[in-house]
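> below is the sequence, then the predicted model.
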Amino acid sequence: MKKTALIVIALGIAAAGFFCREEIEVFLGLGRAPEKELKLFGNVEIRQVLLGFRVSGRLEKSYYEEGVRVESGALLGELDPLPCEIRRAEALAALRQGQANLAKMTSGYQTEEIRQAAAQRDQIRASLSLAEKDYSRLSHLFAQNAVSKKDLDSAASSRDRLRAELASAESALTLVRKGYRTEDIAAAEAAVELAEARLREADSSLADTKLYSPADGTILTRVAEPGTVLSAGQPVYALMLKKPIHVRAYVTEPQLGKIRPGMKGKIFTDSHPDPLEGTVAFIASEAEFTPKQVQTQSQRADLVYRIRLLVEDNPQDRLKNGMPVTVFLK
């Protein structure tokens, strides 16, 4: 009897120890989840951005080291602005020239220019009157054999030349009185618009010689140092964003029906006993093979569905990129 009682007591102690251990493991995220909860394994995903200048140039200043936290809008680095400043000055000069030309065309010719054209016409008209009189006189003399045919032809040529010049002067006077043609004014307007666009492009290029942080985050890598000649888009920093933070996990097809967008979950890590809150934000519509870093060797060939949980709050940066986590959904 005593032996049997001892065996029963030993089994009771072992069972109590087992259940206490299981409760502790569930609390830490290391054991089985309660039946009402769904237990998943996954990894933390924090997005990274490669930052570079939109224009090429020589890196003049680089302000942050690796591991430093930066806020959105922080100035990270600067290129030598001189080449862009020169291009901007050229674009501005071209714009001013185009604007002056357009103003001249829209206002038309000045009164002095019109008077000058009229005076030139009158001068040619007077010369033509004299040439016609000379030709008439020589014609009478030629009929009396008093002058040669050559003299008469020369007078006729002078008269015809002056007639052509008078017609040209009359046309020129008409044009200056009417002003510039509509087509010429439209071309001048287009030239001004082109110059304005090139000035905006130059302004944009000059602004792009400064690199700003697009969001709050942490500098992961400082790729280039001052003095480096960079091409457009060449990375200078790698920035890990502070938000959004996602947890990527995988579920089997039987589990898929238990998960829905907006579902709340608790996220446990091996380094901290307190869970973080997450919300199911994405459920894949196609199955894939289990990634190698998830589950056991025998389960890696199983088809699973990827889900993503959004973590709104990450106090003290507890979640690190790639960190394995355990997720309980209910």
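It's in. Residues are numbered from 1 along each chain as shown.

> now for residue 170: which residues touch it?
Going by Cβ atoms under 8 Å, 6 or more residues apart in numbering, residue 170 touches residue 121. Using the backbone N, CA and C atoms, a C-beta is placed for each residue, glycine as well.

> doesn't it belong to a helix?
Yes - judged by DSSP: H, G, I helix; E, B strand; the rest coil, residue 170 forms part of a helix.

> quick check: it vs residue 177, distance?
Computed as Cβ to Cβ, to the nearest Å, the residue 170 to residue 177 distance reads 11 Å.

> how does this protein divide up, domain by domain?
The chain breaks down into these structural domains: 30-75+220-329, 86-204 (assignment by automatic domain parsing).

> in a markdown table, list the ones you listed along with mean pLDDT and distance to residue 211.
Compiled in a markdown table, the domains of the chain are given as follows (pLDDT from 0 to 100; distance: least, Cβ to Cβ, whole Å):
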| stretch | mean pLDDT | distance to residue 211 |
| --- | --- | --- |
| domain 30-75+220-329 | 86 | 6 |
| domain 86-204 | 87 | 14 |
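
> in a markdown table: those domains, plus distance to residue 213.
Converted to a markdown table, the domains of the chain look like this (distance: least, Cβ to Cβ, whole Å):
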| stretch | distance to residue 213 |
| --- | --- |
| domain 30-75+220-329 | 4 |
| domain 86-204 | 19 |
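
> now do the strands in the stretch 201-330 of the chain.
Along the stretch 201-330 of the chain, the stretches classed as strands by DSSP state E, counting those that start in this stretch are 210-212, 217-222, 229-230, 235-251, 264-269, 272-283, 288-289, 303-311, 324-329.

> now the longest one: buried residues?
Put plainly, it is strand 235-251. Neighbour counts over strand 235-251 (16 or more other Cβ atoms under 10 Å) mark 236-242, 245-251 as buried.

> of these, just say which sits nearest to residue 191.
Here the nearest of the buried residues of strand 235-251 to residue 191, counting by Cβ to Cβ, is residue 236; it sits at 37.6 Å.

> for that closest one, give me its contacts.
Listed by Cβ under 8 Å, 6+ apart, the contact set of residue 236 reads 51-53, 59, 62, 76-77, 211, 222-224, 230.

> which stretches in the stretch 1-150 of the chain count as strands?
Remark: strands assigned in the stretch 1-150 of the chain by DSSP E, counting those that start in this stretch are 38-52, 57-62, 69-70, 75-79.

> looking at these, which is nearest to residue 157?
When these are compared by Cβ to Cβ, strand 57-62 sits nearest residue 157, at 67.5 Å.

> who touches that closest one?
Contacts to strand 57-62, defined as Cβ under 8 Å, 6+ apart, come from residues 76-81, 83-84, 209, 222, 224-230, 236.

> tell me the buried residues within those residues.
When burial is judged by neighbour count using 16+ other Cβ under 10 Å, the buried members of those are 76-81, 83-84, 209, 222, 224, 230, 236.
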